[in-house]
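Q: Requesting a structural model of the entry that follows:
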Amino acid sequence: MFHEAYHADRWIGAFFAVSGENADAVFLCLKALVPPVKSVHGALFGYGASVKLEKILRESSLQGSALQRSSGPDPALEYAIRFICLLVEKNCFRYIDSLLNKIEQTLDEQKGILNVSIESVAALDSNLEEELKQRIAEQTGASQIKMERHLVPELLGGYRLRFGGFYVDASLKGQLDSMAAELTGG
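A: Numbering: from 1, shown residues only. Now for the predicted structure:
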């Protein structure tokens, strides 16, 4: 159950409204800043914590050349720091992983990238995986396919695909379950 003040769609909307054309860069900065913030021990919420965290993030980003441009402060870094501090202030930082996933998914959709989850008993043959990518791209019109692989021994063989609103079960377990349902009339 989500916290009353947490509305994922509003946070995502705020992220894109503020970051605009810099959304990709802000997202990369967020991903870089989140692990150190997660490593902070103790309570991390409220205005006071937000102010302290902002100071720490700004100081560390000045030292970390990976996130800093030589021509001055990076606007993407600035937006990322402000976004994290606002999440902390509103006691919603604990939802950062969910937000990052939704932001990445939205960015991928904007670029025509389709995220596909594939479950199989063992790693798929690279030829089969490429064929699946090609077929999915042809059917969906996606410019690129990102495959997320999961090993699921219970499938017995074959694979299951999930993408968009689609679910394809080409597993041996799925076929056996289907036959069992037909035989029992269920």
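Q: contact partners of the helix-or-strand element of the chain with minimal mean pLDDT?
A: Lowest by mean pLDDT, DSSP states H and E among the helices and strands of the chain is helix 47-63, with a mean of 81. With CB atoms under 8 Å, 6 or more residues apart in numbering as the contact definition, helix 47-63 has outside contacts at 33, 36-37, 40, 43-44, 67-68, 77, 81-82, 84-86, 88-89. C-beta here means a position set from N, CA and C on the backbone, and glycine is covered the same way.
Q: so where does the residue nearest the centre of the chain fall, helix or strand?
A: Centrality entry for the chain: nearest residue to the mean C-alpha point is residue 101, 2.0 Å, by CA atoms, centre = their mean. Element membership for residue 101, per DSSP states H and E: helix 96-111.
Q: downstream neighbour of that helix in the secondary structure list?
A: That would be, after helix 96-111 and using DSSP H and E, strand 113-120.
Q: Poorly predicted segments of the protein, please.
A: Scanning the chain for pLDDT under 70 picks out 1-5, 62-73, 186.
Q: Would you map the helices across it?
A: 8-19, 23-38, 47-63, 75-89, 96-111, 126-140, 172-184 (DSSP state H).
Q: among those helices, which is nearest residue 163?
A: Among the helices of the chain, the nearest to residue 163 by CB to CB is helix 126-140 (6.5 Å).
Q: For the closest one, name the packing helices and strands.
A: Helices and strands touching helix 126-140, by 3 or more CB pairs under 8 Å, 6 or more residues apart in numbering; DSSP states H and E, are strand 113-120, strand 144-151, strand 158-163.
Q: could you give the angle of the second one to strand 158-163?
A: So that's strand 144-151. Angle, strand 144-151 to strand 158-163, by axes from the mean of the first three to the mean of the last three CA atoms, to 10 degrees: 130 degrees.
Q: Buried residues, strand 144-151. List them.
A: Buried residues in strand 144-151, counted by 16 or more other CB atoms under 10 Å: 145, 147.
Q: Distance-wise, check the closest residue to residue 93 other than its chain neighbours relative to residue 6.
A: The shortest distance from residue 93 to any non-neighbouring residue, by CB to CB, 6 or more residues apart in numbering, is to residue 87 (4.3 Å). Residue 87 sits 9 Å away from residue 6, going by CB to CB, to the nearest Å.
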